[in-house]
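[1] pasting the sequence and the predicted coordinates here, then a few questions.
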Amino acid sequence: MRYIDGFVTAVPSARRDAYRRHAAQGWTVLQAAGAGRQGEAWGDDVPHGTHTDFHRAVQATPDETVVFSWIEYADKATRDAAAAQVMAAPEMAALIETMPFDGARMIYGGFEVVVDQGAPSPATGYVDGFLLAARDRDAYVALATRSAPIFLDHGATRVVEAWGDDVPPGTRTSFPLATQREDGESVVFSWIEWPSKAVRDAGMAAAMADPRMETAPEALPFDGKRMIYGGFTLLFQS
């Protein structure tokens, strides 16, 4: 089963270029260790919510921008081997020392890919990122499998849904804290890729209005009030 490491980070807005360079340098180490793709998306349309949101997830300050990112692997074994190799690499030690953001507030975790439809967007693409806590894996996968083609029909290039597997609880920030995860729930990390923001704006509106998308709130296998979402400009991809 394909596997991803997912991350959400608060980066000083003035350090966007430094962050991109840092991500590109990190990719050379990750690729050598077996990673298949890396995506880094810079916050663009990231709303503040009532219960949860990306800003609170990483305790972002007004002068910081939220970054939504992921690393893809063929399977968990490849990811585990890559993680060990990366952490032992001297190049990564140097990158950790020069991170252009507060690593103590970064949230991260490992996720099993349960839905992957379509193909990656171009380098100038746009990403809708989501975090939520779901109760029933089978019900969630069924819903996501049914919903993905609707987004693709309205212009999305790819839909990925990943189920929490190795998601540490954290004491200051974490995926469980961000989604207010309850007993019996698992964190879901997902994203939709679009060729551009214009296509995303039109396509998302059309998808939400599509009759095939209608699902009664009580039938959802997650609490929609705690779902975190936002729009991101693709900053770097391998």
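    Here it is on my side, so go on.
[2] so R158 makes contact with P195?
    No: if you go by C-beta atoms under 8 Å, R158 and P195 don't touch, sitting 10.2 Å apart. Quick note: C-beta positions are derived from backbone N, CA and C, even for glycine.
[3] report the mean confidence score over stretch 66-73.
    Taken as a whole, stretch 66-73 carries a mean pLDDT of 98.
[4] likewise stretch 14-21?
    97.
[5] ok, so what distance separates S186 from V46?
    With distances taken as C-beta to C-beta, to the nearest Å, S186 is found 23 Å from V46.
[6] same question for A23.
    18 Å.
[7] burial count for G170?
    15 (other C-beta atoms under 10 Å).
[8] out of everything not next to it in sequence, what's closest to it?
    What sits nearest to G170 in space, not counting adjacent residues and going by C-beta to C-beta, 6 or more residues apart in numbering, is L177, at 5.9 Å.
[9] need the helices for the chain, in chain order.
    16-33, 54-57, 76-88, 90-97, 137-153, 175-179, 197-209 (DSSP state H).
[10] now the last one: buried residues?
    By neighbour count, with 16 or more other C-beta atoms under 10 Å as the criterion, the buried positions of helix 197-209 are 197, 199-200, 203-204, 207.
[11] and stretch 207-225, end to end?
    Across stretch 207-225, the terminal residues are separated by 20 Å (C-alpha to C-alpha, to the nearest Å).
[12] could you list the residues in contact with that stretch?
    50-51, 132-136, 139-140, 143, 146-147, 150-151, 153-154, 156, 185, 188 (C-beta atoms under 8 Å, 6 or more residues apart in numbering).
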